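Enquirer: got a predicted model here, sequence first, then my questions.
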Amino acid sequence: MEDKTTLASGTIFDEAGYDEMQKAENHEIGFRLFRIMFFVVLLFAMVFIIVCSNTENLAGTIISLVLLATLFGFYLLYAYMTAKRGIMNPKFAKSWSGTWVIIVYAIIAFLWVVRLIDDLCYGKELFDVSPSIMWIILTVEAMLMCLCAKKNNKVLKKQLEDDEEE
Amino acid sequence: MSNLYNTEETENNSASLIDDFQLDEMQKAENYKIGFQMFKVLFYIVMFISYAMFIISSGRNTAMMVLSFVLYACGWTVYIIYAAKASAKGVMNPTFVRNNTKDWQVFAYVCFMLLSVILALCDIYNVYQAVIWSFTMIMLITVNCFVRRNMAVLKKQLEEDGE
């Protein structure tokens, strides 16, 4: 245990010096916690946005919107990385790869953008328009998610074609 | 897409993105690796943002202060769960274990906690910061306990291997 390894990082999440079995176990724990953490933080981010905008807290509103955007950034990154390898949850990919999904979200995003512009023209503050920003973030994220699902399908199709050729 | 997916054939009906439903062992391993990397970064970001929100709102906005404290506590809970699960299997980072098994650490954490409480009671230190500081110290003590548990698991594994 003591001095057999020359490890630089001392954080709990580091896996230097692990064998493949230990790495796999570690990854599984991390994956399950990521799933829980994502939903918990998403809930908090939305509640934060509502609370901060209702209490007219500008700093809080900005931070909570950044938190929401960051969280969706992670969600998209996860989606992209899984789509690249064709390992997205098949049911999720199936329901999100429809072209109508992207059209519906584009329409919703457009409506919220119109409302945001209208609110800004009337000189409303950031905490007044934060629900519009939140919805724009959500719909843009949904459209990008749709593209990731399509990418996953493409990768799977290519894999199937390669398998058939072999 | 029916040639790609056979979702009807399984009992699991999960349609969420972060799921390992219908994946083979190789795909699961890749999926877990991505999830683990995401978790690692997300944890630090959440801790940073929740702490920043707590500092910004402390003494000004009670609702936001309470919410950010709860988020901070959730972040720590996830960290503790990770520590508990990793230590149960004895797969904690050896360097981390080596750095966190000293007896003086627990003593130092308790001292810091008491110091912040005393300073807050004497009106020298902000009471909200004393609360979050004390909470952090309690969490660090808990992590220290799991590090010791990891050592015990490893010792037991070594003894069993020796037998």
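Expert: Yes, it's here. Computed from a predicted model, the values in this text were never measured in an experiment.

Enquirer: quick one: low-confidence residue ranges for chain A.
Expert: Scanning chain A for pLDDT under 70 picks out the ranges A:1-9.

Enquirer: pull out the buried positions in the least confident helix or strand in chain B by mean pLDDT.
Expert: Here the helix or strand of chain B ranked lowest by mean pLDDT, DSSP states H and E is helix B:94-99, holding a mean of 85. The neighbour-count check on helix B:94-99 (16 or more other Cβ atoms under 10 Å in any protein chain shown) flags B:94-98 as buried. Every C-beta, even on glycine, is put in place using the N, C-alpha and C of the backbone.

Enquirer: show me how far it is from its chain's centre.
Expert: Chain-centre distance of helix B:94-99: 16 Å, with Cα atoms, centre = their mean, to the nearest Å.

Enquirer: pLDDT (mean, whole number) over the next helix or strand after it?
Expert: Going down the chain from helix B:94-99, the next helix or strand is helix B:103-121, by DSSP states H and E. For helix B:103-121, mean pLDDT rounds to 90.

Enquirer: run the chain-centre distance for the next helix or strand after helix B:103-121.
Expert: As assigned by DSSP H and E, the chain's next helix or strand after helix B:103-121 is helix B:127-162. Mean C-alpha position of helix B:127-162 versus that of the full chain (Cα atoms, centre = their mean) differs by 11 Å.

Enquirer: average pLDDT for the helix or strand encompassing residue B:30?
Expert: Taking DSSP H and E as the definition, one finds residue B:30 inside helix B:25-57. In this model, helix B:25-57 has a mean pLDDT of 90.

Enquirer: quick one: buried residues of the next helix-or-strand element following it?
Expert: Downstream of helix B:25-57, the next assigned helix or strand under DSSP H and E is helix B:62-89. For helix B:62-89, the buried set under the neighbour-count rule, 16+ other Cβ under 10 Å, comprises B:63-65, B:67-69, B:71-72, B:74-79, B:81-87, B:89.

Enquirer: need the CA coordinates for stretch B:81-100. PDB is fine.
Expert: Output of stretch B:81-100 as PDB, limited to C-alpha atoms (Å, rounded to 0.1, in the frame of the first residue of the first chain):
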ATOM      1  CA  ILE B  81     -21.400   8.200  -1.300                       C
ATOM      2  CA  TYR B  82     -18.500   7.900  -3.800                       C
ATOM      3  CA  ALA B  83     -16.000   7.600  -0.900                       C
ATOM      4  CA  ALA B  84     -18.300   5.000   0.800                       C
ATOM      5  CA  LYS B  85     -18.700   2.900  -2.300                       C
ATOM      6  CA  ALA B  86     -15.000   3.100  -3.300                       C
ATOM      7  CA  SER B  87     -13.900   2.200   0.200                       C
ATOM      8  CA  ALA B  88     -16.300  -0.700   0.400                       C
ATOM      9  CA  LYS B  89     -14.500  -2.200  -2.600                       C
ATOM     10  CA  GLY B  90     -11.100  -1.000  -1.500                       C
ATOM     11  CA  VAL B  91     -10.600   0.900  -4.700                       C
ATOM     12  CA  MET B  92      -9.900   4.400  -3.300                       C
ATOM     13  CA  ASN B  93      -6.900   6.300  -4.900                       C
ATOM     14  CA  PRO B  94      -3.900   5.000  -2.900                       C
ATOM     15  CA  THR B  95      -2.300   8.500  -2.800                       C
ATOM     16  CA  PHE B  96      -5.500  10.000  -1.400                       C
ATOM     17  CA  VAL B  97      -5.700   7.200   1.100                       C
ATOM     18  CA  ARG B  98      -2.000   7.700   2.100                       C
ATOM     19  CA  ASN B  99      -2.600  11.500   2.600                       C
ATOM     20  CA  ASN B 100      -5.700  11.100   4.600                       C
END
